[in-house]
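Trainee: structure for the following, please:
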Amino acid sequence: MTAQTSQPFPLPAEPAMVGLLVAYMITPAISAAAGLRIADLVAAAPKTADDLARETSTDADSLGRLLRFLTAVGIFEEDSSGAYRQTPLSATLCSAAPASLRDFAVMCGSEFNWRPWGDLRNTIATGQPAFNRVHGVSIVDHLMAHPDHAEIVNAAMTALSSVELSEILAAYDFSRFHRIVDVGGGHGGLLYGILSASPRSRGVLADQPSVVAGAVTLHAGPIAQRCDLAGVDFFEEVPAGADAYVAKSVIHDWSDEDAVRILKTCRRAIRDDGRMLLIERMVKPSNEYDPAKFVDMAMLVLTPGGRERSEADFRALLDEAGFSVTRVIPTGGTLSIIESRPVGPSLVN
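Mentor: All right, here's what the predicted structure looks like:
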């Protein structure tokens, strides 16, 4: 692919570059609007900046300039009366949207997530995550010490899972499994969807105790009768004896060494006839537009060792942990499902 065809918009090089350089303004602007719930407020009927300022207790002039900016990128639309209305993009920020991205938008513009990006150059020079230098601790330790920030991240991940869930369920039949352990499953959005689509299966949500405590969708209703919650350290143990272990967007958070540790924990726990299912993005070759490359940059800045990987990389990790890849299933979105089975002697100590 040539450089010209890989450009995100067909402009001469100079204005195209300027457009890319000032794009950093868009994320905090969307995040601010999401935090103020502007999309919710204009969902029923268009409203002026003055109306919205009164409802959000903000400065009308500043809010109006924010909204005018967001109309330039297709988020909200101003009508002839000066009122702002919904667009297909802003509708995704509504709290009640079927696959709402509001919580993800809030996280992207949150101060703890945003500040490390200003230190990217030092990350490139040293290979060390900017998050650690800016905040003084790793992102894991930071979130443990700041439950409010952890809640923002967990809500954001749940929001992303809701967007991706239908694609995952359309690509793979989970109903063949009797017991499914969702390793590092956060608040349980993925497991809830899997169990809803597989009424004869049982599930276990396995994550840190403070995280699974927030799995409110699994605490009540019909799913609760078929689902257990397990507060665990997945480097040490996960619930044993299941015929399926699912890890969605977990392995990409960790270095190769730590990823193998997690997979070996699953290898010790899995049944001999079980399946290990990694749901991850796979990096495409250079010169191709690829959402995985954006996520890979986030891993570089925010985590000590996290990265996006190629299919060959995943095969190597699974092989080292005692699994053999049986197939790779694209979901139709940005994710793929890497199915593997345990091979060789059991790793139980």
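
Trainee: where does pLDDT dip in the stretch 1-150 of the chain?
Mentor: 1-10 (pLDDT under 70).

Trainee: can you do 80?
Mentor: The stretch 1-150 of the chain contains residues with pLDDT under 80 at 1-11.

Trainee: which residues in it form helices?
Mentor: With DSSP state H, counting those that start in this stretch as the criterion, the stretch 1-150 of the chain has helices at 3-6, 13-21, 26-35, 38-41, 49-56, 60-72, 88-91, 102-108, 111-114, 120-126, 130-135, 139-145, 147-171.

Trainee: packing partners for the following helix or strand past the last one?
Mentor: So the one you mean is helix 147-171. Once helix 147-171 ends, the next helix or strand along the chain (criterion: DSSP states H and E) is strand 179-183. When contacts are defined as 3 or more CB pairs under 8 Å, 6 or more residues apart in numbering; DSSP states H and E, strand 179-183 sits against helix 189-197, strand 202-207, strand 244-248, helix 256-269. Every residue, glycine included, has its C-beta placed from N, CA and C.

Trainee: excluding its backbone neighbours, what's nearest Arg309?
Mentor: Val283 (6.4 Å; CB to CB, 6 or more residues apart in numbering).

Trainee: how near is the one you found to Ala23?
Mentor: Separation of Val283 from Ala23 (CB to CB, to the nearest Å): 22 Å.

Trainee: the two: which has the busier surroundings?
Mentor: In this view Val283 and Ala23 are compared by other CB atoms under 10 Å, and Val283 has more residues nearby, 19 against 11.

Trainee: check contacts around that one.
Mentor: Going by CB atoms under 8 Å, 6 or more residues apart in numbering, Val283 touches 290, 292-293, 296, 308-310.

Trainee: change it to 6 Å
Mentor: 292, 308, 310 (CB atoms under 6 Å, 6 or more residues apart in numbering).

Trainee: quickly find the element holding the closest residue to the second one other than its chain neighbours.
Mentor: Nearest-residue entry for Glu308: Asp296, 3.9 Å, with adjacent residues in sequence omitted and distances by CB to CB, 6+ apart. Here Asp296 sits within helix 291-302, counting by DSSP H and E.

Trainee: walk me through the domains of this protein.
Mentor: For the chain, automatic domain parsing gives the domain ranges 3-102, 147-342.

Trainee: could you redo these as CSV and give each row distance to Val140?
Mentor: Output for these, formatted as CSV (distance: least, CB to CB, whole Å):
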stretch, distance to Val140
domain 3-102, 23
domain 147-342, 8
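
Trainee: how many residues are close by Ile124?
Mentor: 11.

Trainee: how far away is Ala240 from Arg271?
Mentor: Ala240 sits 9 Å away from Arg271, taking CB to CB as the criterion.

Trainee: who has more neighbours, those two?
Mentor: Taking neighbours as other CB under 10 Å, Ala240 and Arg271 compare with Arg271 leading, 15 against 12.

Trainee: got the contact list for the more buried one?
Mentor: Asp243.

Trainee: 8 Å instead?
Mentor: Arg271 neighbours (CB under 8 Å, 6+ apart): 241-243.

Trainee: do Ala44 as well
Mentor: Per CB under 8 Å, 6+ apart, neighbours of Ala44: none.

Trainee: go on, Val181?
Mentor: 203-204, 206, 230, 238-239, 242, 244-246, 269.

Trainee: dump the residues you listed to TSV, plus neighbour count, pLDDT and distance to Trp117.
Mentor: Listed next are those as TSV, based on neighbours: other CB atoms under 10 Å; pLDDT from 0 to 100; distance: CB to CB, whole Å:
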residue	neighbour count	pLDDT	distance to Trp117
Gly203	28	97	36
Val204	23	97	36
Ala206	30	96	31
Ala230	17	95	35
Val238	25	97	33
Pro239	16	97	37
Ala242	25	97	39
Ala244	22	98	37
Tyr245	30	98	34
Val246	28	98	31
Ala269	22	97	37
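
Trainee: how about CSV for those, with distance to Pro88 added?
Mentor: Converted to CSV, the contacts of Val181 look like this (distance: CB to CB, whole Å):
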residue, distance to Pro88
Gly203, 34
Val204, 38
Ala206, 37
Ala230, 40
Val238, 40
Pro239, 41
Ala242, 40
Ala244, 36
Tyr245, 37
Val246, 31
Ala269, 44
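
Trainee: of those residues, closest to Leu277?
Mentor: The closest of the contacts of Val181 to Leu277 turns out to be Val246 (CB to CB; 4.7 Å).

Trainee: which residues does Ala230 bridge with?
Mentor: Taking DSSP bridges as the rule, Ala230 bridges to Ala206.

Trainee: quick one: Ala145 and Val137 touch, right?
Mentor: Yes. Using CB atoms under 8 Å, Ala145 is in contact with Val137, at 7.2 Å.

Trainee: now do the most centrally placed residue in the chain, the pLDDT please.
Mentor: Note on the chain: the residue nearest the mean C-alpha position is Met157, at 4.4 Å, using CA atoms, centre = their mean. As predicted, Met157 sits at a pLDDT of 86.

Trainee: how close does it sit to Ala72?
Mentor: 29 Å.

Trainee: quick one: mean pLDDT over stretch 270-286.
Mentor: Averaging pLDDT along stretch 270-286 gives 95.

Trainee: picking that back up, would CSV of the helices of the stretch 1-150 of the chain with distance to Ser324 be doable?
Mentor: Shown next, in CSV, are those (distance: least, CB to CB, whole Å):
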stretch, distance to Ser324
helix 3-6, 36
helix 13-21, 42
helix 26-35, 41
helix 38-41, 46
helix 49-56, 55
helix 60-72, 49
helix 88-91, 43
helix 102-108, 35
helix 111-114, 37
helix 120-126, 35
helix 130-135, 35
helix 139-145, 30
helix 147-171, 21
